[in-house]
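Novice: Predicted coordinates and the sequence they were generated for:
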Amino acid sequence: MNHTPRNRTVVSCTLLAAFIGAASTACGDPDTHPLAAQPYDAAEQVAFNAHSGTKVDPDKPLEVTAKGTESWITDVTATDDSGHHLAGELSADGVRWRSIAPLSAGVKYTVKVSTEDEDGSPGAKTLTFETSPAKRHLTAEFGPKAGTYGVGQPVTVTLSHPVKAKESRAVVERALRVESVPSVDGAWYWVDDKTLHFRPKEYWPTGTTVRADINLQGVKVSDKLYGGASKPLKLTIGDRIEAITDAGSHSMTVKRNGEVINTIPVTTGKPGFSTRNGIKVVLGKEYFVRMRGTSIGIAAGSSESYDLPVYYATRVTWSGEYVHAAPWSVGSQGSANVSHGCTGMSTGNAAWFYQTVREGDIVEVVNSWGATMDTFGNGFGDWNLSWEKWRKGSALVADTREGSDPTDVARLRPQV
């Protein structure tokens, strides 16, 4: 069957009245035009490859076909129970409509089909069906826990299954939503196949509320893998606290919302154990930590060996870099670098720092002989990437990656 669309001549009632006068009053009667008629039941004119009462395989496309040669399809709309439309294409001859987007798994669809017969009369048919539930669900766990954080805190996502293909990553990323008040310019970065980080172009504004969510339930991500339900996250951003440690001058300057609130004499890593340069984010606080040199590869009994009780320890890397009380090095604080990588200060100053900062606050080290903080794998070094390079970590922008190897995850070990 090959239908050619028919061209109909439409004559306005006003023009027709000039020729036939009152006889044209029928032109104003809506019941005289075939398309104005109540649509008839087109059940005998269309066929579906899905059926009510049966579970449809979501991996197969939905198809609607005109039967016979006396009618054809004019329109098809398919929506799931969340109101999402299923994209599709109608053939030029009106014989077949076929979905061009994957069906969602475990949802109910309503399909409305419009037809037209050779006399121009409209027909309609509605079908409802359900798709089979997915056997594998991709869920997302947001981090950190709900609460108040510093301006450097990234939003993180850990996926339940690895997602490798760019097309599948794009599906996941399009489903992710981060909304903030005030609004910010931000982007996701794929750290690895199961981990994403979101950060703004600049630090979060003080007082921002952040809500992260993912609308992936039932959506096809890859072969036999569909999105599942995930819990949203809500954060609040506190004051902008920044601690800048200058390893060259042996001092730390602490600012709140741009104003200096304290300057503290410190000691940082000595040669061979230099503190990492770069921007770090506070990961947590521990009132007491037992720090041993063996945890970072120093042989017990050697000249560099140590085993110390440490108080007011603020963690900035997973590998064990802290800002903490170091009463044993007070004589060097402000004048020399003698630690094994941590930033040490007096007990009083460490207690003040411990009480002032929170998770997500910024700790930056400059002028150290050490390497630069890793972008990923040893805490949150996200802010050491330029915005241009950060955006390249999105599956919606490019495949390229910049920075350190995210698989090189440092061990959890304290160093002093």
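Specialist: Looks like it came in fine. Numbering: from 1, shown residues only.
Novice: show me where the protein has helices.
Specialist: With DSSP state H as the criterion, the chain has helices at 13-20, 166-175, 347-356, 387-391.
Novice: Nearest to Val157, out of these?
Specialist: helix 166-175 (8.5 Å; C-beta to C-beta). Where C-beta positions appear, they are placed from N, C-alpha and C, glycine not excepted.
Novice: how far does that closest one sit from the chain's center?
Specialist: Relative to the chain's own centre, helix 166-175 is displaced by 9 Å; criterion: C-alpha atoms, centre = their mean, to the nearest Å.
Novice: how about it: buried residues?
Specialist: 168-173, 175 (16 or more other C-beta atoms under 10 Å).
Novice: And stretch 375-388, by the same measure?
Specialist: Applying 16+ other C-beta under 10 Å to stretch 375-388 flags 375-385 as buried.
Novice: could I get these as a markdown table with pLDDT and distance to Glu44?
Specialist: As requested, the buried residues of stretch 375-388 are arranged in a markdown table below (pLDDT from 0 to 100; distance: C-beta to C-beta, whole Å):
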| residue | pLDDT | distance to Glu44 |
| --- | --- | --- |
| Thr375 | 95 | 63 |
| Phe376 | 96 | 61 |
| Gly377 | 93 | 64 |
| Asn378 | 95 | 68 |
| Gly379 | 97 | 67 |
| Phe380 | 98 | 63 |
| Gly381 | 97 | 66 |
| Asp382 | 98 | 61 |
| Trp383 | 98 | 65 |
| Asn384 | 97 | 67 |
| Leu385 | 97 | 62 |
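Novice: which among those residues gets closest to Pro39?
Specialist: When those are ranked by distance to Pro39 (C-beta to C-beta), Asp382 comes first, at 56.9 Å.
Novice: ok, Thr263 touching Ser249?
Specialist: No: assessed by C-beta atoms under 8 Å, Thr263 is found out of contact with Ser249, at 10.2 Å.
Novice: Put together TSV for the helices of the chain, with distance to Asp185 on each row.
Specialist: Shown next, in TSV, are the helices of the chain (distance: least, C-beta to C-beta, whole Å):
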stretch	distance to Asp185
helix 13-20	55
helix 166-175	16
helix 347-356	29
helix 387-391	9
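Novice: Quick one: closest of the ones you listed to Gly106.
Specialist: Among the helices of the chain, helix 166-175 comes nearest to Gly106, with 15.7 Å by C-beta to C-beta.
Novice: Looking at Phe52 now. What's its pLDDT?
Specialist: I think there's a mix-up here, since residue 52 is Ser and not Phe. We note a pLDDT of 85 for Ser52 in this prediction.
Novice: I misspoke; the intended subject was Asp361.
Specialist: 98.
Novice: which residue sits closest to Val76 in space, ignoring its chain neighbours?
Specialist: Trp97 (4.3 Å; C-beta to C-beta, 6 or more residues apart in numbering).
Novice: My read is that that neighbour contacts Thr77, right?
Specialist: No: using C-beta under 8 Å, Trp97 is not in contact with Thr77; the gap is 9.9 Å.
Novice: When those two are compared, which one has more neighbours?
Specialist: Trp97 (24 against 14; other C-beta atoms under 10 Å).
Novice: for the stretch 201-350 of the chain, what are the low-confidence residue spans?
Specialist: For the stretch 201-350 of the chain, residues meeting the criterion pLDDT under 70 lie at 293-294, 303, 305.
Novice: and if we set it to 90?
Specialist: Low-confidence segments of the stretch 201-350 of the chain, defined by pLDDT under 90: 217, 223-224, 272, 290-309.
Novice: Next up, the contacts around the closest residue to Glu202 other than its chain neighbours.
Specialist: In space, and not counting its chain neighbours, Glu202 is closest to Val184: 7.7 Å by C-beta to C-beta, 6+ apart. Shown in contact with Val184 (C-beta atoms under 8 Å, 6 or more residues apart in numbering): 200-202, 204-205, 208.
Novice: Thr356 now?
Specialist: 241, 254, 261-262.
Novice: Ok, Gly248 next?
Specialist: Counting by C-beta under 8 Å, 6+ apart, Gly248 touches 366-368.
Novice: run the last query once more with 6 Å
Specialist: Residues near Gly248 by C-beta atoms under 6 Å, 6 or more residues apart in numbering: Asn367.
Novice: For Gln217, see how far away Gly227 is.
Specialist: In this structure, Gly227 and Gln217 are 5 Å apart, going by C-beta to C-beta, to the nearest Å.
Novice: So between those two, which is more surrounded?
Specialist: Taking other C-beta under 10 Å, Gly227 and Gln217 do not tie; Gly227 has more neighbours (23 against 20).
Novice: Show me what that one is bridged to.
Specialist: Beta bridges link Gly227 to Leu138, judged by DSSP bridges.
Novice: need the strands for the stretch 1-150 of the chain, in chain order.
Specialist: Counting by DSSP state E, counting those that start in this stretch, the stretch 1-150 of the chain has strands at residues 40-41, 46-48, 55-56, 63-66, 71-80, 88-90, 96-99, 108-117, 122-131, 136-138, 140-143, 147-149.
Novice: Quick check: can you name the pairing partners of the second one and their directions?
Specialist: Translated: strand 46-48. With DSSP bridges as the test, strand 46-48 is paired with strand 63-66 (antiparallel).
Novice: and the strand it pairs with, average pLDDT?
Specialist: Taken as a whole, strand 63-66 has a mean pLDDT of 95.
Novice: still on that earlier bit, from Trp318, how far out is the residue nearest to Glu202?
Specialist: For Val184, the distance to Trp318 equals 27 Å [C-beta to C-beta].
Novice: Excluding chain neighbours, give the residue nearest to the most centrally placed residue in the chain in space.
Specialist: The residue lying closest to the centre of the chain (C-alpha atoms, centre = their mean) is Leu176, at 3.9 Å. Nearest residue to Leu176 in three dimensions, chain neighbours excluded: Ile214, at 5.1 Å (C-beta to C-beta, 6+ apart).
Novice: Next up, the contacts around that neighbour.
Specialist: By C-beta under 6 Å, 6+ apart, the contact list for Ile214 reads 140, 175-176, 230.
Novice: Now do the closest residue to Ala247 other than its chain neighbours, the pLDDT please.
Specialist: Leaving aside its sequence neighbours, Ala247 sits nearest to Ser368 (C-beta to C-beta, 6+ apart; 3.8 Å). pLDDT, Ser368: 97.
Novice: likewise Asp31?
Specialist: The model's pLDDT for Asp31 equals 54.
Novice: start the count at 32, not 1, going forward
Specialist: In the new numbering, first residue 32, that becomes Asp62.
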